[in-house]
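S.K.: curious how this folds, go ahead:
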Amino acid sequence: MKISLALVAATSLAALAAPAFAQDDVGFPGAVILCRQAVPSRTLLSIETRVRNGILVYEGDLYNATATLKSTPRLNAQTGAVIRIDNDTAAADETAEAQAILARLAEAELDFADAIGFANGNSGQFDVERVKFEIEAGILAFRVEYSDGAMYDIDAATGGVIPHHGPDDDMETTLPTTAVLPAIAASETTAGAAWTTIGLETEAEKGGSFVEVLMLNRKTGMLGLATVVGAEVSNFVEFAPAGGQVGQAARIIAALPLIALDASGAVAAAEAAYPGAGINEVELEVETEATGTTVSWKISLITADLIELDYFVDATAPAGGGFRFATAPVNYASGDLNRDGRIDSSDLGQLLSAWGIVNPLLDLDNSGLVDSGDLGVILSGWSQN
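M.R.: All right, here's what the predicted structure looks like:
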């Protein structure tokens, strides 16, 4: 379990006195440590503030390994002193929920204090009332609740806010799998056997929605972008990789022998996990580390319940096998070409590497060429994101 030792030890005295909490209050970070110290044999899954007998207290819920038993220490919020510890048998529904969370805790890279920091940063609020582990749309998350009823679900691995949309929200363009799968098939038929799909994005214009399918020629290393309306390819542009695309294409070509699940299979896996979801983007990701090479499909989608997430599927395992997990999405600004969260000289270098040529992935203003219009997009967002 990653959070039990390293992150607890990293909670400093400065964090305990952070301005997010009252000066005469031990604060949530301090209360988390004290609850764990009060019942060291159990795992903390929830902590909240309450008023008991006129005294503000912190109450934590800690479970044994099977989540059948629960301990609830009550702490004086001002002094941190343990007032009492209740030990109970967990209800059946409570046990089932806690067991599911305990089975996923190894995924957590954050602790309670981190989650509060991310939630406060996004909400601008500091009056936290409760923080608890949740599994939201397949994502292990912290739910941070405020006194006014507002709630933020924070991805326990990345710190990202899981977006919950309303029906009238301005959301990313999505299409159902019944539209995406035919677009992939049409692109591959039009391009020919040497080409393989490595990504796609759904788009919308006044005339309607369409799919842009990114393809890679396994023999030449060239890239291709097919525009598909319905099940018909209306345009196909072949172009040479530039900038970071060169390395990306080379990594994918090297990983092709490992791939057992194609783009259509990945989209079908996302549909099976989230029936009725709308697909926004699909991307084949190849990451090489000291431990080996990971090849996965990232499917950006919005569920039928209007929750936005990124669903990852192991590309090296046939349909139904391999790892699958979801994370909160990271939405990058248009000029952030290398997706590092900033628009800076690195992105400018990417743009200049394709200056004056056809490269749809770097043609930010869709003029047909990489030129001054795209430079303007880069400069307008320079280091603002």
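
S.K.: please enumerate the strands of the stretch 51-200 of the chain.
M.R.: With DSSP state E, counting those that start in this stretch, the ranges of strands along the stretch 51-200 of the chain come out as 55-63, 69-76, 82-89, 128-136, 139-146, 151-155, 175-176, 195-205.

S.K.: any chance of CSV for those, columns mean pLDDT and distance to Tyr274?
M.R.: Heads up, the C-betas are built off the backbone N, CA and C, glycines and all. Formatted as CSV, these follow (pLDDT from 0 to 100; distance: least, Cβ to Cβ, whole Å):
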stretch, mean pLDDT, distance to Tyr274
strand 55-63, 97, 28
strand 69-76, 98, 31
strand 82-89, 97, 35
strand 128-136, 97, 13
strand 139-146, 98, 12
strand 151-155, 97, 16
strand 175-176, 97, 11
strand 195-205, 95, 15
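
S.K.: of all the ones you listed, which lies closest to Val313?
M.R.: When the strands of the stretch 51-200 of the chain are compared by Cβ to Cβ, strand 195-205 sits nearest Val313, at 13.6 Å.

S.K.: quick one: whatever helix or strand comes next after that closest one to strand 195-205, angle?
M.R.: Later in the chain than strand 195-205, the nearest helix or strand by DSSP states H and E is strand 208-217. In terms of direction (axes from the mean of the first three to the mean of the last three Cα atoms, to 10 degrees), strand 208-217 departs from strand 195-205 by 160 degrees.

S.K.: restrict strand 208-217 to CA atoms and write it as CSV.
M.R.: C-alpha atoms of strand 208-217 as CSV (Å, rounded to 0.1, in the frame of the first residue of the first chain):
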residue,chain,number,x,y,z
GLY,A,208,-22.4,17.8,-38.6
SER,A,209,-20.0,15.5,-36.9
PHE,A,210,-17.1,13.5,-38.4
VAL,A,211,-14.2,11.4,-37.4
GLU,A,212,-10.5,12.0,-38.1
VAL,A,213,-8.6,8.7,-38.1
LEU,A,214,-4.8,8.9,-37.7
MET,A,215,-2.9,6.1,-39.4
LEU,A,216,0.7,4.9,-39.7
ASN,A,217,2.2,3.1,-42.7
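
S.K.: which secondary structure elements does it contact?
M.R.: Judged by 3 or more Cβ pairs under 8 Å, 6 or more residues apart in numbering; DSSP states H and E, the packing partners of strand 208-217 are helix 177-191, strand 195-205, strand 223-229, helix 244-255.

S.K.: please identify which of these is closest to Asn366.
M.R.: Counting by Cβ to Cβ, Asn366 lies closest to strand 195-205 out of the helices and strands packed on strand 208-217; the figure is 10.0 Å.

S.K.: can you list the strands that the closest one pairs with?
M.R.: strand 208-217 (antiparallel), strand 278-289 (antiparallel) (DSSP bridges).

S.K.: which of these is buried the deepest?
M.R.: Each of the strands paired with strand 195-205 was assessed for mean neighbour count using mean count of other Cβ atoms under 10 Å. The highest is strand 208-217, with a mean of 21.

S.K.: so which residues make contact with that one?
M.R.: Contacts with strand 208-217, where a contact means Cβ atoms under 8 Å, 6 or more residues apart in numbering, come from 173, 175, 179-180, 183-184, 187-188, 191, 194-204, 222-229, 234, 238, 249, 252-253, 360-361.

S.K.: for that strand, the distance to its chain's centre please.
M.R.: Using Cα atoms, centre = their mean, to the nearest Å, the mean C-alpha position of strand 208-217 is found 23 Å from that of the whole chain.

S.K.: and the pLDDT at Ile116?
M.R.: pLDDT, Ile116: 97.

S.K.: so what's Val26 closest to, chain neighbours aside?
M.R.: Once flanking residues are discounted, Val26 sits nearest to Gly80: 4.3 Å by Cβ to Cβ, 6 or more residues apart in numbering.

S.K.: what's the separation between that neighbour and Ala90?
M.R.: 26 Å (Cβ to Cβ, to the nearest Å).

S.K.: the helices and strands packed on strand 208-217: which one's closest to Leu102?
M.R.: With Cβ to Cβ, the closest approach to Leu102 among those belongs to helix 177-191: 32.8 Å.

S.K.: can I get the CA coordinates of that closest one in PDB?
M.R.: The C-alpha trace of helix 177-191 is given here as PDB (Å, rounded to 0.1, in the frame of the first residue of the first chain):
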ATOM      1  CA  THR A 177     -19.200   3.400 -30.900                       C
ATOM      2  CA  THR A 178     -21.700   2.700 -33.600                       C
ATOM      3  CA  ALA A 179     -20.300   5.700 -35.500                       C
ATOM      4  CA  VAL A 180     -16.600   5.300 -34.500                       C
ATOM      5  CA  LEU A 181     -16.200   1.600 -35.400                       C
ATOM      6  CA  PRO A 182     -17.400   2.100 -39.100                       C
ATOM      7  CA  ALA A 183     -15.100   5.100 -39.400                       C
ATOM      8  CA  ILE A 184     -12.100   3.000 -38.400                       C
ATOM      9  CA  ALA A 185     -13.100   0.300 -40.900                       C
ATOM     10  CA  ALA A 186     -13.600   2.700 -43.700                       C
ATOM     11  CA  SER A 187     -10.200   4.400 -43.100                       C
ATOM     12  CA  GLU A 188      -8.400   1.100 -43.100                       C
ATOM     13  CA  THR A 189     -10.200  -0.100 -46.200                       C
ATOM     14  CA  THR A 190      -9.400   3.100 -48.100                       C
ATOM     15  CA  ALA A 191      -5.700   3.400 -46.900                       C
END
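
S.K.: re earlier: can I get the strands of the stretch 51-200 of the chain in TSV including mean neighbour count?
M.R.: Shown next, in TSV, are those (neighbours: other Cβ atoms under 10 Å):
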stretch	mean neighbour count
strand 55-63	21
strand 69-76	20
strand 82-89	12
strand 128-136	20
strand 139-146	23
strand 151-155	23
strand 175-176	16
strand 195-205	20
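
S.K.: residue contacts, Gly159?
M.R.: Gly159 makes contact with Leu110, Asp114, Ala115, Phe118, according to Cβ under 8 Å, 6+ apart.
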